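Chemist: Got a predicted structure here, sequence first:
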Amino acid sequence: MKPIWIADDDQSIRFVLEKALQREQLPVRSFTNPREVLAALDDDGEGPQVLVSDIRMPGGSGLDLLEKVKARHPGLPVIIMTAFSDLDSAVSAFQGGAFEYLPKPFDLPKAVELIRRAVEESQREEVAQETIAETPEMLGQAPAMQDVFRAIGRLSQSNVTVLITGESGSGKELVARALHKHSPRAHGPFVAINTAAIPKDLLESELFGHERGAFTGAQTMRRGRFEQAEGGTLFLDEIGDMPFDLQTRLLRVLSDGHFYRVGGHSAVRANVRVIAATHQDLEQRVREGVFREDLFHRLNVIRLRLPALRERREDVSMLTRHFLQQSARQLGVEPKRISDSALERLGRFSFPGNVRQLENICHWLTVMAPAQLIEPKDLPPEIVVAEADAQAVSHSAGSGGASAPTPMAGGPVQASDWESGLQAEAMGLLLSGRSDVWDELTRRVERKLILTALDTTRGRRIEAAHKLGIGRNTITRKIQELGLDPTH
């Protein structure tokens, strides 16, 4: 990990932060003025992991330093330290792209926590950039994907809003990143947010930011994703799940280019290109009254449909080899090869999780396959079970339905099968560099458990809670947090 740079002319501040960060096993390097920082950047082209700078120093201000550092390292998180009397200046730092500001005198544990958050953000950005660099421009050779590539090319010099549709796991974020990379905004940030993965109560603040004191726990002003994406692209994934009241706020931003932070009274200008994505039928959501028709038309300027992997089976072989190579690089092991018979068997699989599922399978194979050459017997349980089910259905149909489905060798699906699937999904998320794997998988498991229990009780919550072994208040809270169908 690269060091955290601290720039402050106050020796006591530098000393306290250095010792606190060293106790956390974080490397530190200190400077007394902006000139030293800029000289170090010239000598060390890699730069720091995070820069923490005072706002007022001899020989230059922290705001000037912020501007110069951002010109060289746009993705570097910069924390501005400021006295309360300089609060207006600190707020203006956000226009220059500061990650956060730290009021003096500060609480040391909270300062360390803030710096850790900036480090995590910096590392996530590095992983994302490495992933982009490793991902080939051509995601497939199938005619359906060639249509997508041509559309990206036609949109390369446009700032128009794009709506990407396609099943979960089909690669919608990759297309959004390609649109950004080839657009006039490529020099700016690419900021992604999954609107379905964030609780409704937090989503507004995540998108638009909040002012200090806007709600309990809002101790500092925080920039939302719109401000973080200033001059670049904001990718709104799973837009079909956005709460209805927030759809109104989003429509206003798309219409006039301004928004208000939570608890704020001054309009903030949004110089952002919006790309949205969904796996849902938005026209149907409009007819159901859960998605605003005017917002739909605002988003649906240009629509790109991504084909499911089963619609481009000719790409399975190329993608499998690519993902096996990628997994091996990430794990630091020798890449595994796959036999033609195993590839043929993979090609017959329907891939309900699309390209993401194939990627996870390749991660699983890299770890679990016993030999360097992957054979059909090494494929994960979901492939074996699916093929056995297909053969059973075929056999039953061929015999006029007279025979019972032939069970697969070894009997019905065992608990280890779904556990292996969970292991593969967890591995895929962990290797992707995400830092919310626990929350993401816990949310999915809770969602499935509650929906299944409600199905068995025909929507009776108290009975479902009893079957699950949880309380009535717990299931009600979880239904609200997870945004489950209110008709249950």
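Modeler: Good, I have the coordinates. Residues are numbered from 1 along each chain as shown.
Chemist: pLDDT averaged over the helix or strand in which residue 424 is found - what is it?
Modeler: Applying DSSP states H and E as the criterion places residue 424 in helix 415-431. For helix 415-431, the mean per-residue pLDDT is 67.
Chemist: Over to stretch 332-346?
Modeler: Average pLDDT, stretch 332-346: 89.
Chemist: What residues sit buried inside that stretch?
Modeler: Going by neighbour count (16 or more other CB atoms under 10 Å), the buried part of stretch 332-346 is 336, 338, 342, 345-346. Every residue, glycine included, has its C-beta placed from N, CA and C.
Chemist: Closest to residue 275 out of those?
Modeler: Nearest to residue 275, judged by CB to CB, of those is residue 346 at 30.9 Å.
Chemist: which one is that closest one nearest to, not counting chain neighbours?
Modeler: Distance criterion CB to CB, 6 or more residues apart in numbering; nearest residue to residue 346, sequence neighbours excluded, is residue 316 at 5.8 Å.
Chemist: Next step: the buried residues of stretch 332-346 restricted to helices.
Modeler: Residues of the buried residues of stretch 332-346 located in helices (DSSP state H): 342, 345-346.
Chemist: export those to CSV and tack on distance to residue 46?
Modeler: Formatted as CSV, these follow (distance: CB to CB, whole Å):
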residue, distance to residue 46
342, 41
345, 45
346, 40
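Chemist: tell me which of those is nearest to residue 273?
Modeler: residue 346 (36.9 Å).
Chemist: who's in contact with the closest one?
Modeler: Contacts for residue 346 were tallied using CB atoms under 8 Å, 6 or more residues apart in numbering; they are 316, 320, 338, 358, 361, 379, 383.
Chemist: where does it sit relative to residue 19, distance-wise?
Modeler: Distance, residue 346 to residue 19, by CB to CB, to the nearest Å: 54 Å.
Chemist: and what of residue 74?
Modeler: 31 Å.
Chemist: Those two - which one has more neighbours?
Modeler: residue 74 (14 against 11; other CB atoms under 10 Å).
Chemist: For the more buried one, give me its contacts.
Modeler: 97, 187-189.
Chemist: Mind putting those residues into a markdown table with distance to residue 327?
Modeler: As requested, the contacts of residue 74 are exported to a markdown table (distance: CB to CB, whole Å):
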| residue | distance to residue 327 |
| --- | --- |
| 97 | 34 |
| 187 | 31 |
| 188 | 31 |
| 189 | 28 |
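Chemist: Most neighbours among those residues, which one?
Modeler: residue 97 (22 neighbours).
Chemist: State the pLDDT value of it.
Modeler: We have a pLDDT of 70 for residue 97.
Chemist: Count the residues that sit near the residue nearest to residue 346.
Modeler: Residues near residue 316, counting by other CB under 10 Å, number 22.
Chemist: and the end-to-end length of stretch 42-58?
Modeler: 20 Å (CA to CA, to the nearest Å).
Chemist: which parts of it are buried?
Modeler: Buried positions in stretch 42-58, judged by neighbour count with 16+ other CB under 10 Å: 47-55, 57.
Chemist: how far does it sit from the chain's center?
Modeler: A distance of 28 Å separates the centroid of the chain from that of stretch 42-58, by CA atoms, centre = their mean, to the nearest Å.
Chemist: ditto for stretch 202-216
Modeler: Here stretch 202-216 shows a centroid-to-chain-centroid distance of 20 Å under the convention CA atoms, centre = their mean.
Chemist: Stretch 263-276 too?
Modeler: Stretch 263-276 sits 20 Å away from the centroid of its parent chain (CA atoms, centre = their mean).
Chemist: pLDDT weak spots in the stretch 101-250 of the chain?
Modeler: Counting by pLDDT under 70, the stretch 101-250 of the chain shows low-confidence ranges at 125-139, 217.
Chemist: mind running it again at 80?
Modeler: In the predicted model, the stretch 101-250 of the chain carries pLDDT under 80 at residues 101, 121, 123-141, 156-157, 200-201, 213-221.
Chemist: All the strands of it, in order from the start?
Modeler: For the stretch 101-250 of the chain, applying DSSP state E, counting those that start in this stretch gives strands covering 162-165, 190-194, 233-237.
Chemist: Identify all contacting residues around stretch 323-331.
Modeler: For stretch 323-331, contacts defined as CB under 8 Å, 6+ apart pick out 134, 334-338, 358-359, 362-363, 365-367, 431.
Chemist: Out of those residues, name the two that are farthest from one another.
Modeler: Farthest pair in the contacts of stretch 323-331 (CB to CB) is 334 and 358. Separation: 20.7 Å.
Chemist: Does residue 82 belong to a helix, a strand or coil?
Modeler: Assigned state for residue 82: strand (three-state reduction, DSSP: H, G, I helix; E, B strand; the rest coil).
Chemist: Next one, pLDDT for it please.
Modeler: For residue 82, the predicted pLDDT is 79.
Chemist: Near it, how many other residues are there?
Modeler: Residue 82 - counted by other CB under 10 Å - has 23 other residues nearby.
Chemist: hey, what's it bridged with?
Modeler: As for beta bridges, residue 82 partners with residue 103 under DSSP bridges.
Chemist: measure it to residue 101 for me?
Modeler: Taken as CB to CB, the span from residue 82 to residue 101 is 6 Å.
Chemist: tally of neighbours for the closest residue to residue 350 other than its chain neighbours?
Modeler: Excluding the flanking residues, the one nearest residue 350 by CB to CB, 6+ apart is residue 310, at 5.2 Å. Neighbour count for residue 310, taken as other CB under 10 Å: 15.
Chemist: for the one 5 residues further on, same thing?
Modeler: The burial metric for residue 315, expressed as a neighbour count using other CB under 10 Å, is 22.
Chemist: Identify the residue spatially nearest to it, adjacent ones excluded.
Modeler: residue 140 (3.9 Å).
Chemist: residues near the one you found, how many?
Modeler: Residue 140: 21 surrounding residues under other CB under 10 Å.
Chemist: same check, this time on residue 120
Modeler: Residue 120 has 13 neighbours, counted by other CB under 10 Å.
Chemist: Quickly note the distance from it to residue 438.
Modeler: Distance, residue 120 to residue 438, using CB to CB: 14 Å.
Chemist: Likewise for residue 143?
Modeler: Computed as CB to CB, the residue 143 to residue 438 distance reads 40 Å.
Chemist: Please write out the alpha-carbon positions of stretch 327-347 in PDB.
Modeler: Output of stretch 327-347 as PDB, limited to C-alpha atoms (Å, rounded to 0.1, in the frame of the first residue of the first chain):
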ATOM      1  CA  SER A 327      -8.600 -15.700 -12.100                       C
ATOM      2  CA  ALA A 328      -5.100 -17.100 -12.200                       C
ATOM      3  CA  ARG A 329      -3.500 -13.600 -12.300                       C
ATOM      4  CA  GLN A 330      -5.600 -12.500  -9.300                       C
ATOM      5  CA  LEU A 331      -4.700 -15.600  -7.300                       C
ATOM      6  CA  GLY A 332      -1.100 -15.700  -8.400                       C
ATOM      7  CA  VAL A 333      -1.300 -19.300  -9.700                       C
ATOM      8  CA  GLU A 334      -0.700 -21.100 -13.000                       C
ATOM      9  CA  PRO A 335      -3.700 -20.600 -15.400                       C
ATOM     10  CA  LYS A 336      -5.800 -23.800 -15.800                       C
ATOM     11  CA  ARG A 337      -6.800 -25.200 -19.200                       C
ATOM     12  CA  ILE A 338     -10.200 -26.500 -20.100                       C
ATOM     13  CA  SER A 339     -10.900 -29.600 -22.300                       C
ATOM     14  CA  ASP A 340     -13.100 -29.400 -25.300                       C
ATOM     15  CA  SER A 341     -15.600 -31.800 -23.700                       C
ATOM     16  CA  ALA A 342     -15.900 -29.600 -20.600                       C
ATOM     17  CA  LEU A 343     -16.300 -26.500 -22.800                       C
ATOM     18  CA  GLU A 344     -19.000 -28.300 -24.800                       C
ATOM     19  CA  ARG A 345     -20.800 -29.100 -21.500                       C
ATOM     20  CA  LEU A 346     -20.500 -25.500 -20.400                       C
ATOM     21  CA  GLY A 347     -21.900 -24.300 -23.700                       C
END
